[in-house]
Every structure is written in C-alpha cells, then in structure tokens.
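K.L.:
Sequence plus the predicted model coming up.
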Amino acid sequence: MKEARYENYPLRIIMLSNFVSTATYAIGAFIIYQIGIIWFVLYLIYIMFLEIRLLTKSCVYCYYHNKSCAFGRGKLCSILFKRKTNRKFNELKLTWKDIIPDFMISIIPLILGIILLIKNFTWLILSLIILLFILMSAGNALIRNSFACRHCKQLEEGCPAAQLFNKPKK
C-alpha cells in the first residue's frame, strides 16, 4: 500500500521532529558547556554551520521549499534563500562520508560526556548521555521512518537522503 504524501506536514509532526533535534542540540550543548564556554560557543557555531549547509545544499532544491516540511525548514529556507531547480540534486548520491559532520553533533558530546564521567561521575551527565544516545538513534529513526520520509513528496522526484537511508524492499 502506497503511503499518503503530505503537501504540507501537520504541525504535530513538525513539532515532534523539532523537539528531537532541539533536545539533541541542547543536551549536547549542556555536556560541552561542562568543559568550557569557548567549546560551548564553538559547538553552537558548528550547529549553525550545519543547519545553513542543509538549507543551502538541500532545502533550496526540495519540493517543500516555501512549504511545511516535516522539519519546518521549507518555510524557513524560503525566507532566507531563493528556490533553485536542479535535476542533478534528485540524482545526487549521498554517502555515509557526506553525513559524518551531521553525526558529530551527537558523537562529540557523547565522547566528551564519557570522558567527564570517567573524570568525575555524576548521575546528571550519565542520564544526559543515555538520553542523547536514545535521541540520536531511536528518536531520529522513529521521526524519519514513521513520520517524515514515508509521507514526503520529494521522494517522488528523488531524494539523496532517502537513497542512503532507505534500503530497497525485496
């Protein structure tokens, strides 16, 4: 059975997906803040860099430019950047190497959190590490598989991320 595609995603999906992202960023920022304000600021700049990269390298080509995508970036992107059309985007082959910078948003705080635990164990840091791991793994998988990608109209035109993450069904 073919999944229904959203022209504009419902607000509940946008809020849920942004909650997972924001919680991931906030937990990571809190953990990094424990080692110093400079590292905290650098981490926030890194998040901003990755978000801008996403808007300028993907969202400007997406079907949801100036629409409500599952992550709320379509409307934001249309305010900041003009829509581009490029059929090559739909054929782009994304690799795991291409998304390593995105994974570092969670991996860096996880590693630093473990180091902090070794140096000075606290239940708060342990709890945050566990929560961060759940958000980056199961949380993201749930959002993408159950709410975002399965209802995305960009899939019909071609999505580089879907080609990487969604294995063809046998």
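P.N.:
Arrived safely. Numbering: from 1, shown residues only.

K.L.:
what about the helices in this protein?
P.N.:
For the chain, the helices identified by DSSP state H occupy 11-33, 37-57, 73-80, 87-91, 96-119, 123-134, 140-142, 154-157, 160-165, in order along the chain.

K.L.:
Give me the residue at the spatial middle of this structure.
P.N.:
Centrality entry for the chain: nearest residue to the mean C-alpha point is S21, 6.1 Å, by Cα atoms, centre = their mean.

K.L.:
what about the residue lying closest to it once chain neighbours are set aside, neighbour count?
P.N.:
The spatially closest residue to S21, leaving aside those adjacent along the chain, is F71, at 7.3 Å (Cβ to Cβ, 6 or more residues apart in numbering). (Glycine included, C-beta is placed from N, CA and C.) Burial of F71 is recorded as 20 neighbouring residues (other Cβ atoms under 10 Å).

K.L.:
contacting residues for F71?
P.N.:
Contact analysis of F71 by Cβ atoms under 8 Å, 6 or more residues apart in numbering lists I14, S17, N18, S21, A148.

K.L.:
Excluding residues flanking it in the chain, which one is nearest the last one?
P.N.:
In other words, A148. Once its chain neighbours are removed from consideration, A148 has its nearest residue in A70; the separation is 3.6 Å (Cβ to Cβ, 6+ apart).

K.L.:
okay but the one you found is in contact with R150, surely?
P.N.:
No. Applying Cβ atoms under 8 Å as the test, A70 and R150 come out as separate, 9.7 Å apart.

K.L.:
follow-up on the earlier one: out of the helices of the chain, flag the one nearest Y64.
P.N.:
In terms of Cβ to Cβ, the element of these nearest to Y64 is helix 73-80, at 3.5 Å.

K.L.:
Only C-alpha atoms, please: export that closest one in CSV.
P.N.:
Coordinates of the C-alpha atoms in helix 73-80 are reproduced here as CSV (Å, rounded to 0.1, in the frame of the first residue of the first chain):
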residue,chain,number,x,y,z
ARG,A,73,12.9,24.1,7.2
GLY,A,74,11.0,24.6,4.0
LYS,A,75,9.3,27.8,5.1
LEU,A,76,12.5,29.0,6.9
CYS,A,77,14.5,28.3,3.8
SER,A,78,12.2,30.3,1.5
ILE,A,79,12.6,33.3,3.8
LEU,A,80,16.4,33.1,3.7
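
K.L.:
gap between that helix and the chain center?
P.N.:
Once both centres are worked out by Cα atoms, centre = their mean, to the nearest Å, helix 73-80 turns out to sit 16 Å from its chain's centre.
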